[in-house]
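Trainee: need a 3D model of the sequence below.
(chains A and B)
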Amino acid sequence: METWVEHLLLIALPAAPAVGAIVAGCCPKRATRLVWAVGWFFSVAPLVAWVFLRAVLPASAGGDLLVSIHLPWVPDLGIGLHMGLDATGLVMAGMISFIALVAMVGTLPSLPELNRAHVVCLLLAEAGMLGVVTSWDLVLFIAFWEVTLVPFFFLMGRGPTRGGVAAATRFLVTSVASSVLMWIGVLILVEAAGAPRTFDLGELAKRLGASPPSSFSSAWLFVPAFLVRMAAVPLHTWFPAAAASVPTAAAILLVGGVLPLGGYGLVHVLARLFGPGLCGLSVWLFWIGLITALGGALASVVQRDLKRLLAYVFLAQMGLALVGLTLGSEEARMGGFLLLVATGMGGGCLFLFAGVVCSARGTQRIVEIGGLWRFHPAFAGLAFAGIASAAAVPGTVGFAGTYLVLRSLSGNIIHLALAAGAILIMGASVLWAYRRVTGGSYHSEMWATFRWPRSRQVAILALLCVVIVLAGLMPGPISGLRPTGTGPLVATTDKAHCGGRTGP
Amino acid sequence: MSFLAQMADLHVLLWMVPLLLGILVAAIGSELSRKWLSALSIAGVGWPLLQAAAAAIYLLWGAPGGYSNRIDFDWLTGGGLFSMAFELDRTGVWAVLVGTVVGLAAQIHGVFSVSRYAGRHLFHSLVILFIAAGSMLFIAYSPLAMLIGWEGLALSGAFLVGLWASEQKGTRTGMRWLLFQHSSSVLLLMGFLVLDTDPGLGGILVVAAACVRAGQIPFHGWIPDSTYGPGAATALVHGLGSSLAAVFLIDRFGFLIGEYDYLPEVIGIVGISGVVLGALACIQPQEPERALGWLFMIYTGLAFLGFSVGDDAAARILVTGEALALGGLALAVGGLSERWLTREVAGGGTHGLRRRRIFLVLALAGVLPPSVFFLGLGRLLYSLPAGTVGTALQVIVIVSFIAVGWALQRVHRALAGEPGAKTAPTSGIMDAAPTGVGALTFGLGVAGIFSVGKFVVGGWVGAGCAGMATGAALVGWLLGWVVVRRRPLARIGRLTYTQRVMNRVAETGLGIGEILVQVPVMIVRTLGVIVWRGIGDFVLDTLIIGTAVKTVEGAGITLRFVHNGRIQRYTLVVVLATLLLIVTMLR
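Mentor: Predicted structure coming up:
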C-alpha cells in the first residue's frame, strides 16, 4: 500500500535539486557562501529522500514497481507524468544522489566567479539524471534525457583547457543525434502498440509483449543513445577527451552518473520493451561490450595522462557491464548492474582523487606526480578503494560485478579468457598508475602551496571508500538484488575441505 | 580444554584481530612511541600465532570426531554466490602456524631493522595486514573468502616489497610483484569459475595460479627483483606470501590432482624445472639477496615435486622447512638489505661477523639432519617412483644441492662486507629472530622424528638420500669457497664483463622469466597503441565521429558567418548550387 509520504519522497528525488537550481540561480552572484549553502542543502536533500525511501520500501527483486505516481499530462496524446522506481531504479537513484553530493561537496569551480553557475549546473544535472531514473513515461524519459545535456554542456566547457569545449561539443552533437534516432524509435513503437496511444513504459511493454511487432531495426534505433552515454565502442570517443579536460565536478558526474545511466537506460527501456533478448540485439551488444572492454583496457595501458588512463579503465568496465547486461541470465544482469554501480562509485572516487591531485600539482602526467603516500597517506590510501574496485580486487563492488559476469561467461572459455584478459590488463594499468602516483619521493616545492586536500574532500573520499567496500562485501543487501542459487563453487570448497587429505 | 575449543571455534579472530590492529597501527602508528608501536606490531602477529597454537592442540588431541567449526557470514554478504565462510581444519592450522612464526620473526626483526625509517609504522601495519590476509586464506571455506585472502596477500606484499622505494628500482620491484600476483588472482578466479563446467581445465588454472604465486618456471620473472626490500619483507613475501600460499592452494585442491592424470605430471615438470633453473641461476655471480630468491625457487620446486609423486606430507614438511630456514636466512641477510635501505636513509655499513655466524648456522639448518627440511627432503627422495625416471629425479635433486651449497657460500662471503666498512649498530633481539627460526627448524625436526619415528624421513633410504643431498651441499660450499678464494667475489659495479653477462643472465632467470614478462607486456602495449591511436583516435575519432561532428560544427559556423554578414547569402547560395551541380554531374 503506497502512501503519500512515499509519493512525496519519489517526487522529491528530481524535484529537490531542480528547486535548488532555481533558488541558487536567484541568489546574488557575490553571495558565494549562500550559493554554496543552497547547493549543499539541495544536493543532500535527494539523498535523504532516497534513504527514507529505501527504509520504507520493501526489498524486492525483478522489475516490479516499488513505488509509482501517475498523473495525467497530455491525455489526448497519451502522455502522462508517470514516475516510479523498481529495485534497480532505487539503487541507481541512490547512487546518482550520492555521486552528485560528491561532486558538489568535493569540488570547486575552475574560476571563483563561476560559483553560482557551477552550483546551478550541478543541481540541474542531478535533477535531470534523477528524472531519467524515475521516469516511466517515454516522453518524460526523453525530456529528462535531453535536459541532462544542457548543464553538462556548460559544466564541461568550463575546464582549464580548450579540450573541454571540444569534448562538450562532441558529447552534445553525438547525444542529440542519437536521441533523434531514439525519438523515431519511440514513435514507431507507439504506433505499433495501437490505440489508445500511450507513451507509458509499462503499458507499452505489456502491449508489445502480448503481440511483439518490434523488429530488429526498430530496436537498433534505441541503441546509439544508450551506447553514446555508456561510451561504448565506436561511440566512445567523446569520453576520454572529456574526462581528461573537463573540470573535476563534470568528470565525476560523467563517470559516476552519465555512464551508468546509459547502462540503466538499456535495462530500463530497451530490455523492458524488447524483452531480455533485445530482438536479437543482445549478441551484437555482447560483442560491442567485449570489444569495449578489451579496447579500453588496451588503450589504458599506453596512457601517460592520469585522467585519460582512468577514463579508459572505466570505459573498459562499462564494456564488461554491457556484456553482463546483454547476457540472458539473471546472474549476469545483476553482475552488469553491479558493474554500473562500481563504475559510478569507483569513478567518482578516482576522478575526485585525480582532480584534486592534478590541480594541486598542475599536471596530469603520471610521471610528474609522485610521493603522495608520504605526503598524505590517508588520502592516497582511501583512493585505493577506487583502484581496487577498478582492478576487481575481491571485497569491492567492482569484484562483485565482475565475478557474476565472468561466472556467466564460464560456459565459453574463449569469452571468459577475453573478459578475464581485459580485467587483468585494466587492473595492471590502474595499479601501475596508482603505484607511480603514490610511490616515490614527495617534493613539496613542486606542488601548489594552498592547503590540499581539503578535509571535506578526504571525508567524502572516505565515504566513497566505505560504500565501495560495503557494496562489495554485501552486494545483495546493499543493492537489494539477490543472486540466485548457491553455485557449485561452494560444493567445490566442500570437496576441497572434506575430500582433500588433511594435516601433515 | 574448553578454552582451547573456544580458540578453535572463534577462528575468525585469526584474521579479524590482525586486521583491526593493522588498521590501528597504520592510523595512529606515527603518533605512538617506539615502545608502544613495537608492542602493538608484535601483538598483531603474536595473537594469531598463540590462537593458532591453542587451536592446533585442540584439533590434534581434543576435538571429537566429526568436529566442525564452520562460521559463515551469509547474513552479511547475502549468501548464495557471495557466500563467505571460514573453517579451521588441520591443514589450515598448520599453514597459519608456519606463516605466523615467520611473520613474528619478521616483525621482531623489523622493529629494529626499520627503526630509523620515518614510515616504519606503515611497514609494521603492512606486515600485520599480510598476516591477516594469510590467515584468511588458510581458513577460507568459500571461494570469495579464499580470493580475498589470496589478493590481500598480493596487495600487502606489493607494498611491503616496494614500500621503501623512492627510486626507480624499488617501484619496479613492487610493480612486478603486484602484476604477477594480480595475474595469479585472475587465474585463480578463472579456475574457480570453470571448475564446475570443466574441472580439468579448472585444475590447470588453479595450478597455474599457484605457479605464478610461487614464482615457478616460467613465471619466475619477478623473483630477482622481489628480494631488494628489507630482509623482513623478503622473508615474509617469499616464505609466507608465495611458497606457503602456493603449496597450501595445491594442497587444498589436492582432490583434483588425484582425479586427473596430467595434473601431477604438470606439477612435477614445473617443480623439477624450477629446481634445475633455480640451481643454475643461483650459482651465477650476483647480489646475495637475489641468490636467496633463487633458493626459494628451488625449495618450492621440491615441494611441488612432492605433490606430483602423491606425497602431500613431504610437500608440507618441505615448505615448512623452506619458510623457516630460508625465511631465517632472508632475515640474516637483511643486514645487506638494510644497508641498501640505509644508503638512502642515513648511510651505514655492514653488520659484521655476528651476522655471518648466524647465517652459517641457518644455512646448515636448512640441510643438516635433523632439521625439518632434511626430513621433508628424505621423504620426498624416498617417495620418488622406482625406475629410470625416479633415479634421474633423485640425481637431479641431489646434484642441485651442490648449487645450493655454492650459493650459500657466496652469500655467506658477501656478509663479510667490504674491507674497512664500519659495522652498523645492531641489536641482539634483531639477531635473535633468525636464530630462533633456525632453532625451530631443528626442534620441529626432532619432534617429528620422536612423534612419527624414522619413517617421517622415508626410513633409512630416505635419510640416506637426504644425507647425500647434504653432502652435495657441503661439496658445493667447499667448491664455492675454493673458487672464491682464487677469484674474490666482486661487488656489483666491479664485475668483469663476463660476470656482468652472467649477472644479467641470473637476473632475468636465464632469460626465460624475462621473456615471459617482456613479450606479453610488449604485445599488450603494441596492441594498446594500435587500438588507441590507430582505431580509436584516427579511424573512429577523426574519420567517422570527427567528420560528422565537424560537419555539424562547420554548418553552424557557416550559418553564424552568414548571420554576421561575413559571408554574403548569395555567396552561400552560389557555393551550394555549385556543390549540387558537381554531385549531380558525378551521378
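Trainee: so where does residue A:71 fall, helix or strand?
Mentor: strand A:67-74 (DSSP states H and E).
Trainee: what distance do you get for the closest residue to residue B:8 other than its chain neighbours to chain A?
Mentor: Sequence neighbours aside, residue B:55 is the residue nearest to residue B:8 in space, at 4.0 Å (criterion: Cβ to Cβ, 6 or more residues apart in numbering or on different chains). Every residue, glycine included, has its C-beta placed from N, CA and C. Going from residue B:55 to chain A by Cβ to the nearest Cβ, to the nearest Å gives 13 Å.
Trainee: same check, this time on residue B:296
Mentor: 20 Å.
Trainee: for the strand holding residue A:71, packing partners?
Mentor: When contacts are defined as 3 or more Cβ pairs under 8 Å, 6 or more residues apart in numbering or on different chains; DSSP states H and E, strand A:67-74 sits against helix A:4-26, strand A:79-85.
Trainee: what about the shortest one, average pLDDT?
Mentor: In other words, strand A:79-85. Mean per-residue pLDDT for strand A:79-85: 87.
Trainee: where does the stretch 101-250 of chain B have low pLDDT?
Mentor: B:116, B:118, B:162-174 (pLDDT under 70).
Trainee: about what we covered before: which of the helices and strands packed on strand A:67-74 sits most buried?
Mentor: strand A:79-85 (a mean of 22; mean count of other Cβ atoms under 10 Å in any protein chain shown).
Trainee: which residues touch it?
Mentor: Strand A:79-85 has contacts (Cβ atoms under 8 Å, 6 or more residues apart in numbering or on different chains) with A:10-11, A:14, A:53, A:57, A:65-74, A:93, A:133-137, A:139-140, A:199-202.
Trainee: try it again with 7 Å
Mentor: Applying Cβ atoms under 7 Å, 6 or more residues apart in numbering or on different chains, the set of residues contacting strand A:79-85 from outside is A:10-11, A:65-73, A:93, A:134-137, A:139-140, A:199-200.
Trainee: do stretch B:318-327 as well
Mentor: By Cβ under 7 Å, 6+ apart, the surrounding residues in contact with stretch B:318-327 are B:98, B:101-102, B:105, B:235, B:238-240, B:243-244, B:247, B:292, B:295-296, B:299-300, B:302-303, B:306, B:362, B:365-366, B:371-373, B:376-377, B:380, B:437-438, B:440-441, B:444.
Trainee: state the number of residues packed around the closest residue in space to residue A:224 that isn't next to it in sequence.
Mentor: Using Cβ to Cβ, 6+ apart and skipping the chain neighbours, the partner closest in space to residue A:224 is residue A:178 (3.8 Å). By other Cβ atoms under 10 Å in any protein chain shown, 21 other residues sit near residue A:178.
Trainee: from residue A:255, how far out is the residue nearest in space to the middle of chain B?
Mentor: Nearest to the mean C-alpha position of chain B, by Cα atoms, centre = their mean, lies residue B:242 at 3.1 Å. Using Cβ to Cβ, to the nearest Å, residue B:242 is found at 36 Å from residue A:255.
Trainee: what's the answer for residue A:9, then?
Mentor: For residue A:9, the distance to residue A:255 - Cβ to Cβ - is 27 Å.
Trainee: and the residue in the stretch 301-450 of chain B positioned nearest to chain A, what helix or strand is that in?
Mentor: For the stretch 301-450 of chain B, the residue closest to chain A is residue B:316, as judged by Cβ to the nearest Cβ, at 4.1 Å. Secondary structure assignment for residue B:316, by DSSP H and E: helix B:312-345.
Trainee: quick check: mean pLDDT of that helix?
Mentor: 72.
Trainee: what's the first helix or strand after that helix?
Mentor: helix B:353-367.
Trainee: list the contacts of that following helix.
Mentor: So helix B:353-367 is contacted by B:325-326, B:328-329, B:332-333, B:335, B:371, B:373-374, B:408, B:412, B:415-416, B:431, B:434-435, B:438, B:441-442, B:469-470, B:473 (Cβ under 7 Å, 6+ apart).
Trainee: can you select the buried ones among those residues for me in PyMOL?
Mentor: Selection of buried members from those for PyMOL, criterion 16 or more other Cβ atoms under 10 Å in any protein chain shown:
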select buried, chain B and resi 325+326+328+329+332+333+335+371+373+374+408+412+415+431+434+435+438+441+442+469+470+473
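Trainee: quick one on the thing from earlier: please pick the buried ones from the contacts of strand A:79-85.
Mentor: Of the contacts of strand A:79-85, these count as buried by 16+ other Cβ under 10 Å: A:10-11, A:65-69, A:93, A:134-137, A:139-140, A:199-200.
Trainee: of those residues, which is the nearest to residue B:266?
Mentor: residue A:93 (50.7 Å; Cβ to Cβ).
Trainee: my guess is the closest one meets residue A:130, correct?
Mentor: Yes. Using Cβ atoms under 7 Å, residue A:93 is in contact with residue A:130, at 6.0 Å.
Trainee: what residues are shared contacts of the two?
Mentor: residue A:13.
Trainee: the helices in the stretch 451-587 of chain B, which residues?
Mentor: Counting by DSSP state H, counting those that start in this stretch, one finds helices in the stretch 451-587 of chain B at the ranges B:459-486, B:497-507, B:512-529, B:546-564, B:569-586.
Trainee: report the distance from the first one to the chain centre.
Mentor: Using Cα atoms, centre = their mean, to the nearest Å, we find the averaged C-alpha position of helix B:459-486 to lie 27 Å away from the chain's own average C-alpha position.
Trainee: report the angle between it and helix B:353-367.
Mentor: Relative orientation of helix B:459-486 versus helix B:353-367 (axes from the mean of the first three to the mean of the last three Cα atoms, to 10 degrees): 150 degrees.
Trainee: other SSEs contacting helix B:459-486?
Mentor: With contacts taken as 3 or more Cβ pairs under 7 Å, 6 or more residues apart in numbering or on different chains; DSSP states H and E, helix B:459-486 sits against helix B:353-367, helix B:372-383, helix B:388-414.
Trainee: so where's chain A shaky on pLDDT?
Mentor: Within chain A, the segments meeting pLDDT under 70 span A:1-2, A:59-63, A:109-114, A:158-162, A:210-216, A:440-441, A:448-451, A:477-504.
Trainee: so out of everything in it, what residue is nearest chain B?
Mentor: For chain A, Cβ to the nearest Cβ, closest residue to chain B: residue A:476, 2.3 Å.
Trainee: ok, back up a step: what about the residue of the stretch 301-450 of chain B closest to chain A, how many residues close to it?
Mentor: 26.
Trainee: distance of it from residue B:469?
Mentor: 19 Å.
Trainee: can you tell me the SS state at the residue nearest to residue A:224?
Mentor: With DSSP: H, G, I helix; E, B strand; the rest coil as the basis, residue A:178 sits in helix.
Trainee: okay, now the sheet partners of the strand holding residue A:71, with direction.
Mentor: Partners of strand A:67-74 in the sheet, by DSSP bridges, are strand A:79-85 (antiparallel).
Trainee: can I get the partner strand as PDB, trimmed to CA atoms?
Mentor: Listed next in PDB are the C-alpha coordinates belonging to strand A:79-85 (Å, rounded to 0.1, in the frame of the first residue of the first chain):
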ATOM      1  CA  ILE A  79       1.500  11.400 -22.400                       C
ATOM      2  CA  GLY A  80       1.400  11.200 -18.600                       C
ATOM      3  CA  LEU A  81       3.600  12.100 -15.600                       C
ATOM      4  CA  HIS A  82       4.400   8.600 -14.700                       C
ATOM      5  CA  MET A  83       7.200   8.300 -12.200                       C
ATOM      6  CA  GLY A  84       8.300   5.200 -10.400                       C
ATOM      7  CA  LEU A  85      11.100   3.100  -9.000                       C
END
